[in-house]
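Colleague: model this:
(chains A and B)
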Amino acid sequence: MKRRLWSGLVGVVVALAVGALIMLAQGYKPLSTYVALFQFSLGGIGPFTTTLKNSVPLVLTGLSAAVAFASGPVNLGQPGQFVFGALAATLGGLYIRLPAVLEIPLLLLLAIAGGALWSSIAAFLRRAFEMSEFIVTLMLNMIADFFTAWVIAFPLMDRKAFSPMTPQIAKSGWMPDLGLLSSSTLVMLGAVVLVWFVFHRWRAGYEWRMTGQNSVFARLGGCDIHRNFLAVMLVTGALAGLAGGLVVMAGPHRFIKGLGANYAWDGIMIAIMANNSIVGTLVYGVFIAAIQTGALGMELITNVPSEIAQVLQAVLVLIIVATREYTNVLLDRLSARRQAKERAA
Amino acid sequence: MNVLIGLITGMISGATPILLAALGGTFTFYAGVFNIAMEGMMLMAAFFAVLGSFFFHSWVIGLAFGVLGSLTLALIFILFSVKLETDEFVTGIALNLFALGITTYFLRQIFKVKGVFTSKSIVPVPQLHIPFIEKIPFVGPVLSGRNLIVYIAVIATVFCYYLIFKTRFGLRLRAAGYNADSLDSSGVRTSRIRMQALLLCALFCGLGGAFLSLGYVTLFAENMTAGRGWISLAAIILVDGHPYGIAAISLLFGFFDGLGLFLQNYGVASQFTAMIPYIATLFALYVYAQRRREKKRKRV
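Modeller: Presented below is the predicted three-dimensional model:
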């Protein structure tokens, strides 16, 4: 635990230093840029709650990836499951009108179902035809992307809009703001707690983790690994779908072009940085959200284009993971040397 | 007749980037590197090819810049996965996102645009007109007048086959993937072979990416590779890395790519025609999985 914390911190510092070098090479001042970056994302209650709100899609898709990777399935379909969740919530919000107490849970459930539906296709193809979910989910991402692009450009297009988007969903389906805090943040935190509980305290979660670490052991121990595979795919699809639904309900309240952005891929990176740990995903998710949120403010006062955030993120992932794994290599080498010395003596 | 020629030439241009990226990927496939960074390598090449061509008004420099761009990514890959022993899957995913980030960033920083950069100053790679063959009806317009990189890709296919299966380097390359320990113990450093495989992969992905931005179209668009690197990975897996098989599969994908553009003329929504290559990939994976299952059953 302590080792993980240290290697994470070292990774963050090194990555920020590399980012500073990139900025220096282009004649920007790294220090004031970083100050601006974190002032706009973490400096105060207002910026911080905005960061939390922006972290919702990142943390939820990150959770989806973390649970999948830790349990075995290489589900890289979060982008597709995300837009299908968003689409399902939008459809519900457009055609079903209920009071907010019912509408919001209903739309969230629809988003969950939408994401799970899309991931179930990959699960089915794996189960029935032994098609590896790795490339299948990637291809399904592209198909989902084009399909939703078609839906918002033709059948559901808002005739008054200039670019492809749906009309707004029913007002009762909007995620309300609780003071400064967005209620979508609460949903996210709830999901984190629930997933942590299932993953670490329930039998199902234990079986998933065992299967992820050693599927032969899990099967011999009596786990139904096929059923677990399906369950993990559905749960991870549901999490990504929930992320999509929340973005629609808390953000533009409609499905607009480019809604998914890079959220899901960022989520996958966050899971990798966190080494598939649930709490780690939350921490890194908020951290990445801080960089993304701060980047917009930073652009206003320092001329550094906000796109630097994307570069910084990729550098962060590489360096955090490399630091972690290289620390292990170094420690192994040290202990090997010590053992060799003891033998010699 | 013209429709048929159009379909075939569309198929060839659609196939070329996938063929080149997949040929590059075969080297890492045989060397036992789980390389999924083809997408990022192509994207880097597509961007830097436009950059070179725009500033130096020369497609030769454009091509060189494109290849350098993708080689840079390969060097980072080597630094992390070979030198620092970072997980290859993680490195690949991070590098793909790095390529997306850095090209988007530079697009904004250098060309001051978001989304798409196009200019009359970008010099595309020329088409090659072959004398005599050009004049033959039907065959002429198909074989002649293609982009220079298309011809390079054809030669590269044969070259890759020769290099992998007929040379000492190829033997070592395959040994690195098949049994790294025995290669190491015979005095050849596996890590060096893997580095060479990654650099070769970057070279071919570089050509493929440059073809996208200086041949297929003459512009750079954000994330313009659009999953072609992933399709090329699927192509490699489908034929177990055989260069001629890859050529056949690439032509098939090129056909669906061209078919999509063709169907758009008949009023099919572009979003659906754009899906076709990905659906085709799924179908190909289905066939592959069935064949593998059959084999397994026979063995038992």
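
Colleague: other SSEs contacting the helix or strand bottoming out on mean pLDDT in chain B?
Modeller: Ranked by mean pLDDT, DSSP states H and E, the weakest helix or strand in chain B is helix B:139-143, scoring a mean of 75. Helices and strands touching helix B:139-143, by 3 or more Cβ pairs under 8 Å, 6 or more residues apart in numbering or on different chains; DSSP states H and E, are helix B:2-31. For the C-beta atoms, the positions are set from N, CA and C on the backbone; glycine is no exception.

Colleague: What ranges does the chain have for its strands?
Modeller: Reading this off chain A. Assigned by DSSP state E, chain A shows strands spanning A:177-178, A:181-182.

Colleague: my bad, chain B
Modeller: Counting by DSSP E, the strands of chain B are B:116-117, B:127-128, B:146-147, B:220-221.

Colleague: which bits of the stretch 51-200 of chain A sit near chain B?
Modeller: A:125, A:129-132, A:135-136, A:138-143, A:146-147, A:149-150, A:153-154 (Cβ under 8 Å from any Cβ of the partner chain).

Colleague: And the stretch 201-345 of chain A, by the same measure?
Modeller: With the criterion set to Cβ under 8 Å from any Cβ, the stretch 201-345 of chain A comes near chain B through A:262, A:265-266, A:268-269, A:272, A:305, A:307-308, A:310-311, A:313-315, A:317-318, A:321-322, A:325-326, A:329.

Colleague: now residue B:36: how far from chain A?
Modeller: Distance of residue B:36 to chain A, given as Cβ to the nearest Cβ, to the nearest Å: 9 Å.

Colleague: meant to ask about residue B:232
Modeller: Counting by Cβ to the nearest Cβ, the gap from residue B:232 to chain A is 11 Å.

Colleague: what about the residue nearest to residue A:150 when sequence neighbours are not counted, how many neighbours?
Modeller: In this structure, residue A:150 finds its nearest non-sequential neighbour in residue B:271, 3.6 Å apart by Cβ to Cβ, 6 or more residues apart in numbering or on different chains. If you count neighbours by other Cβ atoms under 10 Å in any protein chain shown, residue B:271 ends up with 19.

Colleague: What are the neighbouring residues in contact with residue B:271?
Modeller: Taking Cβ atoms under 8 Å, 6 or more residues apart in numbering or on different chains as the criterion, residue B:271 is in contact with A:146, A:147, A:149, A:150, A:153.

Colleague: Quick check: the third one touching residue A:166?
Modeller: So the one you mean is residue A:149. No - contact criterion Cβ atoms under 8 Å: residue A:149 and residue A:166 do not qualify, at 11.9 Å.

Colleague: And these two? Which one has more around it.
Modeller: More crowded of residue A:149 and residue A:166, by other Cβ under 10 Å: residue A:166, with 24 against 20.

Colleague: from what I can see the more buried one touches residue A:257, true?
Modeller: No - judged on Cβ under 8 Å, residue A:166 makes no contact with residue A:257 at a distance of 10.2 Å.

Colleague: can you list residues touching both of the two?
Modeller: With Cβ under 8 Å, 6+ apart, residue A:166 and residue A:257 have common neighbours residue A:152.

Colleague: Could you tell me which residues of the stretch 101-250 of chain B lie near chain A?
Modeller: Within reach of chain A by Cβ under 8 Å from any Cβ, the stretch 101-250 of chain B has these residues: B:101, B:102, B:104, B:105, B:108, B:109, B:226, B:227, B:230, B:233, B:234, B:237.

Colleague: 6 Å - rerun?
Modeller: The stretch 101-250 of chain B has residues B:101, B:102, B:104, B:105, B:108, B:109, B:227, B:230, B:234 near chain A, with proximity defined as Cβ under 6 Å from any Cβ of the partner chain.

Colleague: low-scoring stretches of the chain, by residue?
Modeller: Going with chain A. A:1-3 (pLDDT under 70).

Colleague: The chain in question should be chain B.
Modeller: Across chain B, residues meeting the criterion (pLDDT under 70) sit at B:1, B:300.

Colleague: could you pull out the helices for it?
Modeller: With DSSP state H as the criterion, chain B has helices at B:2-31, B:38-56, B:59-77, B:88-111, B:139-143, B:148-166, B:168-178, B:180-185, B:190-211, B:228-238, B:243-264, B:270-299.

Colleague: most neighbours per residue, which of those?
Modeller: Highest mean neighbour count of the helices of chain B: helix B:38-56, a mean of 29 (counted as mean count of other Cβ atoms under 10 Å in any protein chain shown).

Colleague: helices or strands up against that helix?
Modeller: Applying 3 or more Cβ pairs under 6 Å, 6 or more residues apart in numbering or on different chains; DSSP states H and E, one finds that helix B:38-56 contacts helix B:2-31, helix B:59-77, helix B:88-111, helix B:190-211, helix B:228-238.

Colleague: and those helices as CSV, adding distance to residue B:168?
Modeller: Formatted as CSV, those follow (distance: least, Cβ to Cβ, whole Å):
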stretch, distance to residue B:168
helix B:2-31, 14
helix B:59-77, 22
helix B:88-111, 25
helix B:190-211, 11
helix B:228-238, 23
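
Colleague: Could you report the neighbour count for the residue in the stretch 1-150 of chain A that chain B sits nearest to?
Modeller: In the stretch 1-150 of chain A, the residue that lies nearest chain B is residue A:150 (3.6 Å; Cβ to the nearest Cβ). Residues near residue A:150, counting by other Cβ under 10 Å, number 19.

Colleague: Distance of it relative to residue A:118?
Modeller: Separation of residue A:150 from residue A:118 (Cβ to Cβ, to the nearest Å) stands at 15 Å.

Colleague: Residue A:287 too?
Modeller: 28 Å.

Colleague: between these two, who's got more neighbours?
Modeller: Ranked by neighbour count (other Cβ under 10 Å), residue A:287 and residue A:118 place residue A:118 first, with 29 against 22.

Colleague: Not counting its neighbours along the chain, what's nearest the residue of the stretch 151-300 of chain A found nearest chain B?
Modeller: Among all residues of the stretch 151-300 of chain A, residue A:272 sits closest to chain B, at 5.2 Å; criterion: Cβ to the nearest Cβ. In space, and not counting its chain neighbours, residue A:272 is closest to residue B:90: 5.2 Å by Cβ to Cβ, 6+ apart.
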